[in-house]
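Undergrad: Structure for this input, please:
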Amino acid sequence: MNKSEFIDYLEAEIAAAQKRISPKLSKSDKVDLGRLVFFVTMKSLVDKTASPVDLGTLGALNDVLQELGLLEDDKTLLATIAP
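TA: Predicted coordinates:
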């Protein structure tokens, strides 16, 4: 997947999550809210507009993936995305 395709994916996921969230904020709405926050955070990283909190959140995820052996120690989340 290249960067453009990944951005398209993130934007589609953001839009889908936004559509599913109702003002009631039911349990499933809160799940979608969590998904929305994650995808917006990831998009901010790709767009190079990430806040320090965004960087910390995604850095922690990166560390967990490395610890679980799902990501090599010398790689980052975005290392597999082609320019």
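Undergrad: List the buried residues of the helix ranked longest in the chain.
TA: Across the chain, the longest stretch assigned as helix under DSSP state H is helix 27-46. Within helix 27-46, the residues that count as buried by 16 or more other CB atoms under 10 Å are 32, 35-36, 38-39, 41-45. Backbone N, C-alpha and C define where each C-beta goes, glycine included.
Undergrad: three-state assignment of the residue of the chain most remote from its centre?
TA: Of all residues in the chain, residue 24 has its C-alpha farthest from the mean position, at 24.4 Å, by CA atoms, centre = their mean. For residue 24, the assignment made with DSSP: H, G, I helix; E, B strand; the rest coil gives coil.
Undergrad: Let me see the mean pLDDT of the longest helix of the chain.
TA: Taken as a whole, helix 27-46 has an average pLDDT of 96.
Undergrad: how far out from the middle of the chain is it?
TA: 7 Å (CA atoms, centre = their mean, to the nearest Å).
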